[in-house]
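**Q** The sequence and its predicted three-dimensional model are supplied below.
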Amino acid sequence: MAIERTDLEAKFRQVQSAVDDTASGAKKAGIGLAIGAVILVLLVYLLGKRTGKKGGAQLEIYRLS
């Protein structure tokens with residue numbers, strides 16, 4: 001049994017197709033993850049800003065000597 005050029009080309013096309021599908025799937029997941037991270041950072045920032053406006057704890061220190 002001999003391996004012909006057409007057999008190799010067909011197999012390479014099949015492998016390239018699988019690689020392209022995997023890459024596009026990973027790209028979509030990465031974009032979704034990045035958008036989620038940006039939304040999370042924005043939410044934490046806004047909640048922290050709101051908490052800062054309420055005022056923090058007041059601490060009074062007296063020196064006894």
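**A** Perfect, thanks for sending it.

**Q** For burial, what's the neighbour tally of Ala10?
**A** By other Cβ atoms under 10 Å, 11 other residues sit near Ala10. Where you see a C-beta, it was placed from the backbone N, CA and C, and this is true even at glycine.

**Q** how much space between it and Ile3?
**A** 11 Å (Cβ to Cβ, to the nearest Å).

**Q** What of Ala37?
**A** 48 Å.

**Q** Now do the strands in this structure.
**A** Read by DSSP state E, the chain holds no strands at all.

**Q** low pLDDT regions in it?
**A** 52, 54-56 (pLDDT under 70).

**Q** how does it look with 80?
**A** 1, 50-58, 65 (pLDDT under 80).

**Q** All the helices of it, in order from the start?
**A** Remark: helices assigned in the chain by DSSP state H are 5-54.

**Q** Stretch 21-32: how far from the chain's middle?
**A** 11 Å (Cα atoms, centre = their mean, to the nearest Å).

**Q** Dump that stretch to PDB, restricted to CA.
**A** Taking Å, rounded to 0.1, in the frame of the first residue of the first chain, the C-alpha atoms of stretch 21-32 are listed here in PDB:
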ATOM      1  CA  ASP A  21     -12.500  25.000  14.700                       C
ATOM      2  CA  THR A  22     -10.700  24.700  18.000                       C
ATOM      3  CA  ALA A  23      -9.100  28.100  17.600                       C
ATOM      4  CA  SER A  24     -12.400  29.900  16.900                       C
ATOM      5  CA  GLY A  25     -14.000  28.200  19.900                       C
ATOM      6  CA  ALA A  26     -11.100  29.300  22.100                       C
ATOM      7  CA  LYS A  27     -11.300  32.900  20.800                       C
ATOM      8  CA  LYS A  28     -15.000  33.100  21.600                       C
ATOM      9  CA  ALA A  29     -14.500  31.800  25.100                       C
ATOM     10  CA  GLY A  30     -11.600  34.300  25.600                       C
ATOM     11  CA  ILE A  31     -13.600  37.200  24.500                       C
ATOM     12  CA  GLY A  32     -16.500  36.300  26.800                       C
END
